[in-house]
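Chemist: Fold the following and give me the result.
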Amino acid sequence: MAESRVSDDLWQEFHTVVNMTSRELSEWLRTEATGEQGQVLSPDATPPELELGEHVLAILGKRRTDLTPEDIDTMTTVVDQVRTLRGDELEPEAGDDDVRRLLMSFGHDPLKPPEA
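Modeler: Modelled structure (predicted):
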């Protein structure tokens, strides 16, 4: 099997925009997967952003050398989505609640200050 190589730029950018820890993201996804009535959504009703978030969570648990082409595609998608919604500046900003919830489903908390 051919080794999948993620570029240094994508690796760094992904870990810059995904500013939530694995634990934070996992807890957020569990919270979001619970419907307003407090019931867990069926797998058929899982929103795409939560599926993407689960894939981000899996990527965070992998070594760089273990990434698959699908992982690299997900990383690219997440970076593109966050940059589209946030721009180049990732300074803490509350913004629209729906946008914040979407971003957090990808592992990006817009209220969290960037790492120094």
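Chemist: after the longest helix seen in the chain comes which helix or strand?
Modeler: In the chain, taking DSSP state H as the definition, the longest helix is helix 69-86. Where DSSP states H and E defines the elements, the next helix or strand beyond helix 69-86 is helix 97-105.
Chemist: buried residues in that next one?
Modeler: Along helix 97-105, these residues count as buried under the neighbour rule (16 or more other C-beta atoms under 10 Å): 100, 102, 103, 104, 105. The way it works is simple: take the backbone N, C-alpha and C, and place the C-beta from them, glycine included.
Chemist: Can I get stretch 11-21 as CSV, trimmed to CA atoms?
Modeler: The C-alpha coordinates for stretch 11-21 follow below in CSV (Å, rounded to 0.1, in the frame of the first residue of the first chain):
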residue,chain,number,x,y,z
TRP,A,11,-0.5,19.5,8.8
GLN,A,12,0.4,22.8,10.5
GLU,A,13,-2.7,24.6,9.2
PHE,A,14,-5.1,21.8,10.3
HIS,A,15,-3.6,21.8,13.8
THR,A,16,-3.9,25.6,13.9
VAL,A,17,-7.6,25.7,13.0
VAL,A,18,-8.5,22.7,15.0
ASN,A,19,-8.0,24.4,18.3
MET,A,20,-10.1,22.1,20.5
THR,A,21,-8.5,19.1,22.3
